[in-house]
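In: model the structure of this input:
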Amino acid sequence: MRILRFAAAALIALAACSKPAVETPKEEKTAPSEPKVDALRLYVLDCGHIDVSDMGIFDKGGAYNGQKRSLVDTCFLIRHPSGDLVWDAGLPDAIHDAPDGVVNEPFTLTMPKTLKGQLERLGVPPDYVEFFSISHSHFDHLGNANLFKNSTFIVNEKERDYMFRPEARADSAAFAAYSDLEAAKKATFTDSYDVFGDGKVIIVSMPGHTPGHSVLLVNLDHSGPILLTGDLYHLTPARTNRTIPTFNTSAEETLASMDKFEELAKASGARVIIQHEAADFDNLPHAPAYLD
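Out: Coordinates of the predicted model:
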């Protein structure tokens, strides 16, 4: 798939030109471990920026041909009295040490902060995270996945099969970012998964972008329900116009998932957050602030 070839080339270039990830002194500071929370919290984490010189691949109908966009790559920490969940793992932290980012047209990848550093400052370093899950297995959502090899990996059955298929293993640069998850403790699902068993944090299958793509519904006590799109939509116009990227695995499944998503959004009354949409990211409190 074309999007994965872009990813492999970018990661190979990074490996060739960068030193191991070393954060600035500010990034390295670790906060004291925070005690378990007594109510649900949602932290928004900056997991990289993606400047796209030509958005043409994001709609098979050509709606974005020649357009430039700056996308965000967002990860989330959900803290629950019964444990912590990280949703998506962003771009590789090593990009933080490439001052001008990593360029592989049409993408320029930059990492102002590292995921590891952000979690440590919240008192929840990766080894403390009980659960890890992903919307899907593209490179910009799995860049730091191996940090969570000791967590329980919650994953759609079809997505796990897709991640560890022979073609994925052959893409050695991208595969190396998440290969440790193969041996991790896992919890798989087909339709939905209630992470803590109380209806507060629910992963829902929405295939089409990839075979096991999923979204996340977080039912917060004060802020109300939040619905994270994964890559069902990359942009606000994509939700309105139902545009389908050229690299989706099934256009038919994507359209059916869009219908299912909108029904869920309406039924839950959730605030929809498009994970790559800069305006949505900017309108959320950023860690260490949180929604509850």
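
In: could you pull out the helices for this protein?
Out: Ranges of helices in the chain, per DSSP state H, are 2-17, 25-28, 115-121, 157-163, 166-170, 172-176, 236-241, 251-268, 278-282.

In: deepest-packed of these, please.
Out: The densest packing among those, expressed as mean neighbour count by mean count of other Cβ atoms under 10 Å, is seen in helix 115-121 with a mean of 22. Just so you know, the C-beta spots here come from the backbone N, C-alpha and C atoms, and that holds for glycine as well.

In: so which elements touch that helix?
Out: Applying 3 or more Cβ pairs under 8 Å, 6 or more residues apart in numbering; DSSP states H and E, we find helix 115-121 packed against strand 41-52.

In: mind checking how far the strand it packs on is from the chain centre?
Out: Here strand 41-52 is found 8 Å from its chain centre; the criterion is Cα atoms, centre = their mean, to the nearest Å.

In: one more: stretch 195-212?
Out: 13 Å.

In: so for that stretch, first residue to last residue, what's the gap.
Out: The straight-line separation of the ends of stretch 195-212 (Cα to Cα, to the nearest Å) is 17 Å.

In: just the buried residues of that stretch, please?
Out: Counting neighbours by 16 or more other Cβ atoms under 10 Å, one finds that the buried residues in stretch 195-212 are 195-196, 200-212.

In: closest to A279 out of the residues you listed?
Out: Top of the list for closeness to A279, among the buried residues of stretch 195-212 and by Cβ to Cβ, is H209 at 20.7 Å.

In: gap between the residue nearest to A63 when sequence neighbours are not counted and F131?
Out: The shortest distance from A63 to any residue other than its chain neighbours is 5.3 Å, reached at T243 (Cβ to Cβ, 6 or more residues apart in numbering). T243 sits 32 Å away from F131, taking Cβ to Cβ, to the nearest Å as the criterion.

In: make CSV out of the helices of the chain and add distance to L42 and mean pLDDT.
Out: Below are the helices of the chain laid out as CSV (distance: least, Cβ to Cβ, whole Å; pLDDT from 0 to 100):
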stretch, distance to L42, mean pLDDT
helix 2-17, 28, 47
helix 25-28, 22, 41
helix 115-121, 14, 98
helix 157-163, 22, 98
helix 166-170, 30, 95
helix 172-176, 28, 90
helix 236-241, 20, 97
helix 251-268, 15, 98
helix 278-282, 13, 98
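
In: so which of the ones you listed comes closest to T188?
Out: When the helices of the chain are compared for distance to T188 using Cβ to Cβ, the nearest one is helix 157-163, at 4.6 Å.

In: so what does the closest one touch, helix or strand wise?
Out: Helices and strands touching helix 157-163, by 3+ Cβ pairs under 8 Å, 6+ apart, are strand 186-189.
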